[in-house]
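>>> For reference, the sequence and a predicted model appear below.
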Amino acid sequence: MTTIKRGKWRHASTWRDQVRTFVREVSPHKMDHVPVYPFLDSELPEAFQCEVGTEAYTNGVLDLALREHIDPWKGRGFGVVVAAEARSCPERLMSSVSHELAHFADLTVIAGRNGFLDLLANDPVRMSPAVRGCASKGIEAIHASVSRDRTETVPWAHHGLIFIWLCCHLEYRVWEWADIVQPHLGFAGPFYGLSPTDIYLRAAGTAPRDMMNSSLLEIAATPPPDAITELFARDCEVWHAAHPERH
Ligand SMILES: [Zn+2]
């Protein structure tokens, strides 16, 4: 990985190309090589706008749902919708994209287990009826389909242990490879009912450096160190004790 030029994304000419180059910089592994489709929410139908206070979002089938807005189509990939606010500063935009990239890798592994998303199915005709159904029904169906994931019982749905584990790696890579001095992936802390991100990064120890040659999908499939697993379990316990109605 020493051949990667730090911060190459800054030299891309459009913000979309900056996002694509950035994703390649922080996840340069063959296993993660899927097309990247960045969308600006104001250019999309109302159903696809970011919610107020949300700078970006993704899900496992955004590429299919927004298929008609993609030209050229390069096959199944990582679709990410960003709000104008996220584009106010390139570093802020890339931090938001990194957060969504962690969701995408997490969802992909969950989907692989459930047979929901087939990233190798580049031909829409070959996609499973479930995926085709979601793509045609729009964003609500997509949200419903991906909500059955393993993070439902945590303080914030979809922001579970594997997502956090991926973010620890990405935060390191964003700093080390993409040359963003203070990335803010926003993956833990009081907002999520969890200990601060620094505590999670410390619990990750040297793993982000040790696994620099691992793809995001390999990381997602690798059990996190006990320190993170135990920290997260403790945080969840505290949160559940404070929110008995959410059991
Ligand atoms: Zn999130």
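Nice, thanks for sending it over. Numbers count the residues shown, from 1 in each chain.
>>> Helix, strand, or coil at G53?
When classified by DSSP: H, G, I helix; E, B strand; the rest coil, G53 comes out as coil.
>>> From V174, how far out is it?
Remark: distance between G53 and V174 (CB to CB, to the nearest Å) = 22 Å. Bear in mind the C-beta positions are built from the backbone N, C-alpha and C, glycine included.
>>> So which of the two has more stuff around it?
V174 (26 against 7; other CB atoms under 10 Å).
>>> and the strand or helix carrying that one, C-alpha only, in PDB?
Element membership for V174, per DSSP states H and E: helix 161-176. Coordinates of each C-alpha in helix 161-176 appear next as PDB, following Å, rounded to 0.1, in the frame of the first residue of the first chain:
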ATOM      1  CA  LEU A 161     -20.400  -3.000  16.800                       C
ATOM      2  CA  ILE A 162     -19.200  -3.900  13.300                       C
ATOM      3  CA  PHE A 163     -20.000  -0.400  12.000                       C
ATOM      4  CA  ILE A 164     -17.900   1.100  14.800                       C
ATOM      5  CA  TRP A 165     -15.100  -1.400  14.100                       C
ATOM      6  CA  LEU A 166     -15.100  -0.300  10.500                       C
ATOM      7  CA  CYS A 167     -15.100   3.400  11.400                       C
ATOM      8  CA  CYS A 168     -12.000   2.900  13.600                       C
ATOM      9  CA  HIS A 169     -10.200   1.600  10.600                       C
ATOM     10  CA  LEU A 170     -11.500   4.300   8.300                       C
ATOM     11  CA  GLU A 171     -10.700   7.100  10.700                       C
ATOM     12  CA  TYR A 172      -7.100   5.900  10.700                       C
ATOM     13  CA  ARG A 173      -7.000   5.500   6.900                       C
ATOM     14  CA  VAL A 174      -8.600   8.900   6.300                       C
ATOM     15  CA  TRP A 175      -5.800  10.500   8.300                       C
ATOM     16  CA  GLU A 176      -3.000   8.300   7.100                       C
END
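>>> for H243, what are its contacts?
Going by CB atoms under 8 Å, 6 or more residues apart in numbering, H243 touches 155, 193.
>>> Okay, it and A203: tell me how far apart.
Between H243 and A203 the computed distance is 23 Å (CB to CB).
>>> Same check on L166?
14 Å.
>>> same check, this time on E230
According to CB to CB, E230 stands 8 Å off from A203.
>>> Just want to know which of the two has more residues nearby.
Just comparing E230 and A203: by other CB under 10 Å the higher neighbour count belongs to A203, 21 against 12.
>>> show me where this protein has helices.
Ranges of helices within the chain are 15-26, 62-65, 90-114, 129-137, 139-146, 161-176, 197-204, 207-210, 216-220, 226-242, based on DSSP state H.
>>> who wins for proximity to V36 among these?
Set against V36 and scored by CB to CB, the helices of the chain come closest in helix 15-26, at 4.5 Å.
>>> quick one: pLDDT of S98?
Per-residue pLDDT puts S98 at 97.
>>> And for P72?
As predicted, P72 sits at a pLDDT of 94.
>>> What of the one 5 residues further on?
Each residue has a pLDDT score; the one for G77 is 86.
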